[in-house]
Every structure is written in C-alpha cells, then in structure tokens.
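Undergrad: any chance you can model this:
(chains A and B)
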Amino acid sequence: MALAKRIIPCLDVDNGRVVKGVNFVGIRDAGDPVEIAKRYNEQGADEITFLDITATHEGRDTTVHTVEQIASEVFIPLTVGGGIRTIEDIRTMLNAGADKVSINSAAVHNPEFVRQASERFGAQCIVVAIDAKRVSADGEPGRWEIFTHGGRKPTGIDAVAWAVKMAEYGAGEILLTSMDRDGTKNGFDLGVTRAISDAVPVPVIASGGVGNLQHLVDGVKEGRADAVLAASIFHFGEHSVPEAKAFMQHQGVEVRL
Amino acid sequence: MSTNRIAVIDYGMGNLHSVASALEHVAPEAEVTISSERSVIEQADRVIFPGVGAIRDCMAEIRRSGFDALVPEVIASGKPVLGICVGMQALMSHSEENGGVECLAQLEGNVRFFGNDLHDEQGEHLKVPHMGWNQVEQQFAHPLWQGIDNGSRFYFVHSYYVIAAEKAVKAKDVAEVAGRCHYGLDFDVALSNNNLFAVQFHPEKSHTAGLQLLKNFVHWDGQV
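TA: You can find the predicted model right below:
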C-alpha cells in the first residue's frame, strides 16, 4: 500500500482549443478541451492540467468558461495555469472550479506573490511552474536556469535554488518543465528532475519531452518525480492513459488502476 | 417524496464549487446550497462541513461566523453530516498546526504534522504534503462504504493527519475509525460517530470511488 505516482494529461489551450507546439512554436490543433478532459477523466487520469496560452483578453474570458465546463464534469483535481498574475486571477480560476493554480512568470517577477497566494488560499492549491533550461556544457556537472515567456527569456536564476525557494515561500507542488525537451519526444531531462526532486520537500511533476511510455517510467524511477505530465502522446491517440498505467505498473511503478 | 436538501457550509475558506458540483452530479434531484446562513443549514436534510487551508484561519472563521455553536447543534440534531479534509480536522479535539489550535471536539482525537523526516519502509524520503491517490482500508461495513471496494484509492492533499483517541470504553463522542491509510505511518482517514462521518480525503475529487461515497451520503439515513 503506497501513494500512487500520478499521470497528468496536459491541455495547452489557446482561444478555447487544445493545441500542442514543438519547443513552444509550431501549433497543431488537438480539439475541444471539454471533450478531451472528459475523455481523460473517464480513462482514469489522476489529474488534469490546463495551461492557458491565450494572449488576448477575450480569450481569457473563454478560458474561464471552459474551466467551468470542465469542472462541472470532471471529478479529479484540475490545475489551471497561464497568465496567473494576481490574487484576483487565482480567485477567478478557483471560483470557476479549478482546484489548483499554476504560477510561472509572476513568481519570477515577484516571489512575494507566491507567499501571499499560499497564505491566502493554502499551499495545497499553489503550484509553481518552473521552465528550466540546461546552461552547463556537455561533460560539466548539470546546471539549469529559469527561463520565462515560454522559454524565450533567460533570468540567470539557478533552477534548483529557485525550486527550493519557491517551496519555502509556500508552493505546495513544483511543475518542472525542461525547455530543452519540451515537444521533442526525447524524454524528460532526468538530471534537472532528479536534482529538484531531491532538493525540495514538496511533490514534483516532471514535464517536457515525453515521447513514449518508458519515458514516464524513467521520470519516476530516475527523475524521482511524484507525477508525470504529458500532452501529445495522449492527445493524438498514440497511447491511452490505461495503457500508460499498465506499462508503468509492469515496470514496478505504483499507479492507480 | 420531499426534496432532499443538502447544505454545504460556507465559512469563507476555499472553493466549495467542487463539492457542490459533485453532489449535483450524483443527486440531480437534490437541492444543493452553498450557504453561511443558519436557517438554511438548520433546515437542510443533510449537511457537508468542508475546509481547506490552515486550521488557525479555519477555526477563526468558524468562530467568527458562529459555526462553533451551530455545527455541534446540527450534529446533535441527528441529521447526516459529512466532514471533509480540514472540516474533519476541525471536528477533532486539537490540532498541532499553527503552534496548536483548539478545535470543535466533536470527535475525540488529535491532528498531527507528518514531519519533515517521513520515510517509507525502504528508507525513501516521503514528500509532505501527502498529495495524490492513496488506498483506504475500510475498518467495518459502514453504509457510506457501500459499493466501494476495500482498498480503493482516494485523492488526498494534507500535511497534518488525524489520530482518533484510543477508545478504552466505547462512549458517545468517541469516534470509531471507519478507514485507515498508510504514508510513512498509519493514520485515520475516516471516522464515524452515529450520524457524523468525516473523511480526510476529497471524495469530490476522487472520481468513481469518491462519487460513490457522496452518492451513499445523499441517500444515508444517518444510522450506522
């Protein structure tokens, strides 16, 4: 009897449609977010993460409506991220039915925001998203830095130290995305996943790069992640959530079947 | 048959929409109301007592809004009451969170911190909060477990856990442990006392097993 490792399908949503890019560019339409979320819920996904990549104000209103629709039909935890900058943004998403919000750039610009959010709403609903990129050369010990703006803007902040700080500030969970791997299907960056997972007391979700089911196992076993997040392998029908869980269980990973 | 009125107690802590929406899903015929009004809660056929966040803030809000008196009255009235997560913890005697907080003492037992040095049997360090899907071992055949396999997984997110008082003598106000869980240590995740049932996990987020528990609750007569 043990806590199950979580499998989290991720919906990247732009103006009410699920999309998936490669290294954050090159968008491919994957369908209606409500239908897709329902499908994952029925398949036994452990949570759903909804990342709003919409830039426009109108798009944001669509997002709130979509979150409401998903929340009324999906009875597993729902995390909403993308553009969460104020306490009011968090309140809006929680009122729409999100269970957790994911804070990314706003945490980098103002770390106190994470502390305020955690004190106001509880650490259980504050996820800090970290976009990390390897800055050490091949052969050197691994070193990763935080990037913002969808991986375009370097900050000079060390990713492991940042994760530790965010947990101290009240993040209940860390969503770690490797910018080098995102969209590549080459697997998670296991180095940074393990470094952060070993450094923080809170759960870590590995993200970025899943191309096959073995990658999910590696994220848990070698990266020591508590949860694994993937998008395209599920969206485009390459694998279903039950297939992923059966594979992981066969490899000795505790999962919820 | 008259309408099944379910009140979800709102004392200003956290989002109650998930609970309400899950109840509406399992009981479309019921009238589900999120309310902080005494009259609505008193007139309801059954009551949900939820909670999230830190216990000190929760207890402060409970006292400020007069629920420290109302919740015990509702429990004493005999109608079915379900405590969820921090709602369960608020029903205990005492929590060691926030330097120690006195709770409502509707169930005998205490709330403790998992600690920063929690390990599994293989010596692996365990993360706190205990977050995710863990198995619940049912301790007896309570009506709220009906149709739920023993050992089913429910969704948890908490850093503090409940240990019910050892019951040398089975007296009123002594909780019976209805469900247990293991994460580095054993703890109590479902307590039963007549018409009161309290759970540490989130049934509204626990997919099939959680929805079944809520369905059992909306049809429960409060008898064990």
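Undergrad: what ranges of the chain fall below the confidence cut-off?
TA: No chain was given, so I picked chain A. A:1, A:21-28, A:55 (pLDDT under 70).
Undergrad: sorry, I should have been clearer: chain B.
TA: B:1, B:167-174.
Undergrad: show me the helices in it, by range?
TA: Assigned by DSSP state H, chain B shows helices spanning B:17-26, B:38-43, B:55-64, B:67-76, B:86-90, B:207-218.
Undergrad: helix or strand for the spatially most distant residue from the centre of chain A, which one?
TA: Centroid-distance maximum for chain A: A:G139 at 28.6 Å, with CA atoms, centre = their mean. Element membership for A:G139, per DSSP states H and E: none, as it lies in no helix or strand.
Undergrad: tell me who's in contact with it.
TA: Neighbour list for A:G139: empty [criterion: CB atoms under 8 Å, 6 or more residues apart in numbering or on different chains]. Any C-beta I mention is one placed from the backbone N, CA and C, and that applies to glycine too.
Undergrad: and the gap between it and A:K133?
TA: Computed with CB to CB, to the nearest Å, the distance linking A:G139 and A:K133 is 18 Å.
Undergrad: same question, B:L144
TA: Separation of B:L144 from A:K133 (CB to CB) stands at 49 Å.
Undergrad: out of those two, which sits in the more crowded spot?
TA: Higher neighbour count among B:L144 and A:K133: B:L144, with 24 against 19, using other CB atoms under 10 Å in any protein chain shown.
Undergrad: all the strands of chain B, in order from the start?
TA: B:5-9, B:31-35, B:46-49, B:81-84, B:94-95, B:101-102, B:109-113, B:130-135, B:137-138, B:153-158, B:160-164, B:176-182, B:186-193, B:196-199 (DSSP state E).
Undergrad: in the second one, what counts as buried?
TA: Looking back up the chat, that one is strand B:31-35. Neighbour counts over strand B:31-35 (16 or more other CB atoms under 10 Å in any protein chain shown) mark B:V32, B:T33, B:I34, B:S35 as buried.
Undergrad: including distance to B:F49, could those residues go into TSV?
TA: Below are the buried residues of strand B:31-35 laid out as TSV (distance: CB to CB, whole Å):
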residue	distance to B:F49
B:V32	14
B:T33	14
B:I34	12
B:S35	12
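Undergrad: could you list which of these also contact chain A?
TA: Among those, no residue lies close to chain A (CB under 8 Å from any CB of the partner chain).
Undergrad: just the closest of these to chain A, please.
TA: B:I34 (11.4 Å; CB to the nearest CB).
Undergrad: next one: A:V160 from B:D117, what distance?
TA: For A:V160, the distance to B:D117 equals 21 Å [CB to CB].
Undergrad: B:E96 now?
TA: B:E96 is 16 Å from B:D117, by CB to CB.
Undergrad: residues from chain B in reach of chain A?
TA: So chain B meets chain A at B:14-15, B:17-18, B:21-22, B:25, B:52-54, B:116, B:120, B:126-135, B:137, B:151, B:153, B:155, B:157-159, B:181-183, B:202, B:204-207, B:210-211 (CB under 8 Å from any CB).
Undergrad: let's verify the residue in the stretch 151-257 of chain A positioned nearest to chain B: helix, strand, or coil?
TA: Using CB to the nearest CB, the single residue of the stretch 151-257 of chain A nearest to chain B is A:R256, 4.4 Å away. Look at A:R256: counting by DSSP: H, G, I helix; E, B strand; the rest coil, its state is coil.
Undergrad: helices of the stretch 101-250 of chain A, start to end?
TA: Using DSSP state H, counting those that start in this stretch, the helices of the stretch 101-250 of chain A run over residues A:105-109, A:112-121, A:159-169, A:190-199, A:213-221, A:232-235, A:241-250.
Undergrad: not counting its neighbours along the chain, what's nearest B:N216?
TA: Distances taken as CB to CB, 6 or more residues apart in numbering or on different chains put B:L144 closest to B:N216, at 4.7 Å, once the chain neighbours are dropped.
Undergrad: before we move on, what about A:A171?
TA: Nearest one to A:A171, counting by CB to CB, 6+ apart, is A:V128 at 3.9 Å.
Undergrad: give me the number of residues near A:T86?
TA: The tally of other residues near A:T86 (other CB under 10 Å) stands at 13.
Undergrad: circling back to that earlier point, which of the helices of the stretch 101-250 of chain A sits closest to B:K215?
TA: Using CB to CB as the measure, helix A:241-250 is the one of the helices of the stretch 101-250 of chain A that comes nearest B:K215, at 23.9 Å.
Undergrad: quick check: A:D29 touching A:V19?
TA: Yes: between A:D29 and A:V19 there is a contact under CB atoms under 8 Å: 5.9 Å.
Undergrad: have a look at these two and say which one is more surrounded.
TA: A:V19 (19 against 11).
Undergrad: how close does B:G14 sit to A:T62?
TA: With distances taken as CB to CB, B:G14 is found 25 Å from A:T62.
Undergrad: give me the number of residues near B:S39?
TA: 8.
Undergrad: so who does it touch?
TA: Counting by CB under 8 Å, 6+ apart, B:S39 touches no other residue.
Undergrad: OK, contacts around the residue in chain B positioned nearest to chain A?
TA: Using CB to the nearest CB, B:G53 is the residue of chain B that sits closest to chain A, at 3.7 Å. B:G53 sits next to A:F121, A:G122, A:Q124, B:M13, B:G14, B:V86 when contact means CB under 8 Å, 6+ apart.
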